[in-house]
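Trainee: Build me a model from this:
(chains A and B)
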Amino acid sequence: MSAYTDTLSTIRWPDGPPKKSYDVVIVGGGGHGLSTAYYLATRHGITTVAVLEADYIASGNTGRNTTIIRANYGIPEAIRFYQHSLELYQGLEEETGAEILHQTKGIFWVAHTETAMRTERARAQMNTACGAKTFMVTPAEIKELVPQVDLTGGGRYPVLGASHHVEGATARHDRVAYALASARRSAAWRSTSTLASQACSETGMAAG
Amino acid sequence: MTGVQTAAGAIEAGIVLSAVGGRVSAMAAHAGVRLPVRTHPLHAFVTDDYAQGFGPIFASTELSCYVSQTERGQMLIGAEFDSQPSYSRQSSFAALRSYSYKMTRLLPFLRDLRILRTWAGICDISADFSPIMGATGVDGFVITTGWGTWGFKAIPAGGEGMAELIATGRPPALIAPFSLDRFRLDHVLADQGSAGTR
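Mentor: Next comes the predicted model:
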């Protein structure tokens, strides 16, 4: 055991086989499936929910991604949605009581051509208009905040500037999944790991 | 939709949500739903520890690669997904070489670190590079998919939105634009340049 594992949330697995019927069946025990179950329980009181996972929890992309949390998108619908998600992440440790190792770090998106600079300027303006904090920074400002950078890009990818998305963050991905799956406020829902959703037969999801 | 068939037997459900990742097309096909989604592998790797510390997340969208430091001190590097659709999670040397070449130009200190571990995921990428959340056209079957290479950041808001949709029968305003219907209605949300990858 270590400080790392000592603070990991414990998932309460259900005893015995799944029931014959649930209000909601969620296929896929990754971040989005677990999160939906979590919010069904905590926001809507819907707890007769089964999450089916063919492998182990977060075994897919939830446990394989590079853990970046950001909202610096290019269209209003996406910026608003991801900014809300970024803000929910900021409160997730307090809400779930689980340590997800959330860290606000800021993200630099550097540009190597004038075309890319225009794209980043437009991004910064659109972000600002839709509630995400993104500002343009000069090469000198980048160098001050990221002293390791070679602004010539090895003579091949010169850094002309960057958009700086200041609320960009990371969190430990498997801990996010565990925080939602252990969900201390939603103990009633059941997460069943032994079911093989991939084993759906031809009749599969029986269309009613 | 009345339920799902599993290895442990049939389970009835008032409503079924597919939150399947890379293999979503096969899952949705069980319900007769055809999705505008293709699955592409995406590779990542970590180096051994970088003692000095590296504070921010650093990315180049033109080069489609990004780097940050994990809480354990490793440098974590990812880049663009493979252009060839596949369900393979095998790591690719070509990807490793490509990312390494680009990132060491911008951050030369990376040259002194060794690659510790490499892996891949399979990403469900929609036709307009935005996620798909909501109704499928099949009664009692809803979906959250198209999370491509941007699903992690959306876990809380995606789950919150889908929970409200399931509980009330209506998509909240924040997720309503991401309906599957948008492809039929030609209201696509093209934002590939913000995917951080291509």
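Trainee: C-alpha only now, for contacts and for neighbours.
Mentor: Will do.
Trainee: Closest to the centroid, which residue in chain B?
Mentor: Centroid-nearest residue in chain B: B:Gly148, 2.8 Å away (criterion: C-alpha atoms, centre = their mean).
Trainee: Sorry, slip of the keys, the one I care about is chain A.
Mentor: The residue lying closest to the centre of chain A (C-alpha atoms, centre = their mean) is A:Ile69, at 6.1 Å.
Trainee: what's the distance between it and chain B?
Mentor: 4 Å (C-alpha to the nearest C-alpha, to the nearest Å).
Trainee: And A:Met117, by the same measure?
Mentor: Distance of A:Met117 to chain B, given as C-alpha to the nearest C-alpha: 10 Å.
Trainee: Count the neighbours of that residue for me.
Mentor: Neighbour count of A:Met117, defined by other C-alpha atoms under 10 Å in any protein chain shown: 20.
Trainee: Was I right to think the residue nearest to the centre of chain A contacts A:Leu88?
Mentor: No - A:Ile69 lies out of contact with A:Leu88 (C-alpha atoms under 8 Å); the separation is 10.8 Å.
Trainee: Now do the residue nearest to B:Trp147 when sequence neighbours are not counted, the pLDDT please.
Mentor: Spatial nearest neighbour of B:Trp147, excluding adjacent residues (C-alpha to C-alpha, 6 or more residues apart in numbering or on different chains): B:Pro131 at 5.2 Å. Per-residue pLDDT puts B:Pro131 at 97.
Trainee: so how many other residues sit close to B:Pro131?
Mentor: For B:Pro131, the count of nearby residues is 26 (other C-alpha under 10 Å).
Trainee: now do B:Gly73
Mentor: With neighbours defined by other C-alpha under 10 Å, the count for B:Gly73 comes to 17.
Trainee: For it, which non-adjacent residue is closest in space?
Mentor: Closest residue to B:Gly73 apart from its sequence neighbours, by C-alpha to C-alpha, 6+ apart: B:Asp49 at 4.9 Å.
Trainee: ok, the one you found touching B:Leu76?
Mentor: No - judged on C-alpha under 8 Å, B:Asp49 makes no contact with B:Leu76 at a distance of 10.2 Å.
Trainee: of those two, who's got more company?
Mentor: Set B:Asp49 next to B:Leu76 and count neighbours by other C-alpha under 10 Å: B:Leu76 wins out with 22 against 17.
Trainee: Which stretches in the chain count as strands?
Mentor: Looking at chain A here, since you left the chain open. Listed in chain order, the strands of chain A (DSSP state E) span A:21-27, A:49-52, A:68-69, A:103-104, A:107-111, A:134-137, A:161-165, A:169-170, A:190-192.
Trainee: I was thinking of chain B, sorry if that wasn't clear
Mentor: Going by DSSP E, chain B shows strands at B:3-6, B:9-18, B:37-49, B:57-60, B:65-69, B:74-81, B:115-126, B:132-135, B:141-145.
Trainee: Pull the longest one out as PDB, backbone CA atoms only.
Mentor: It refers to strand B:37-49. The C-alpha trace of strand B:37-49 is given here as PDB (Å, rounded to 0.1, in the frame of the first residue of the first chain):
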ATOM      1  CA  VAL B  37     -19.200   7.200 -36.100                       C
ATOM      2  CA  ARG B  38     -15.900   5.600 -37.000                       C
ATOM      3  CA  THR B  39     -13.400   4.200 -34.600                       C
ATOM      4  CA  HIS B  40      -9.700   5.100 -34.800                       C
ATOM      5  CA  PRO B  41      -6.800   4.100 -32.500                       C
ATOM      6  CA  LEU B  42      -5.000   6.900 -30.600                       C
ATOM      7  CA  HIS B  43      -1.600   6.300 -29.000                       C
ATOM      8  CA  ALA B  44       0.000   7.800 -25.900                       C
ATOM      9  CA  PHE B  45       3.200   7.300 -23.900                       C
ATOM     10  CA  VAL B  46       4.900   8.300 -20.700                       C
ATOM     11  CA  THR B  47       8.600   8.800 -20.100                       C
ATOM     12  CA  ASP B  48      10.500   8.200 -16.900                       C
ATOM     13  CA  ASP B  49      10.600  10.900 -14.200                       C
END
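Trainee: Pairing partners for it, with directions?
Mentor: strand B:74-81 (antiparallel), strand B:115-126 (antiparallel) (DSSP bridges).
Trainee: nearest to A:Asp150, of these?
Mentor: Evaluated over the strands paired with strand B:37-49, closeness to A:Asp150 peaks at strand B:74-81, with 17.0 Å, by C-alpha to C-alpha.
Trainee: ok and the closest one relative to strand B:65-69, angle-wise?
Mentor: 160 degrees (axes from the mean of the first three to the mean of the last three C-alpha atoms, to 10 degrees).
Trainee: Let me know which of the strands paired with strand B:37-49 is tucked in deepest.
Mentor: Sort the strands paired with strand B:37-49 by mean neighbour count, taking mean count of other C-alpha atoms under 10 Å in any protein chain shown, and strand B:74-81 sits at the top with a mean of 24.
Trainee: Touching it from outside, list them.
Mentor: A:66, B:40-50, B:64-70, B:99, B:196-198 (C-alpha atoms under 8 Å, 6 or more residues apart in numbering or on different chains).
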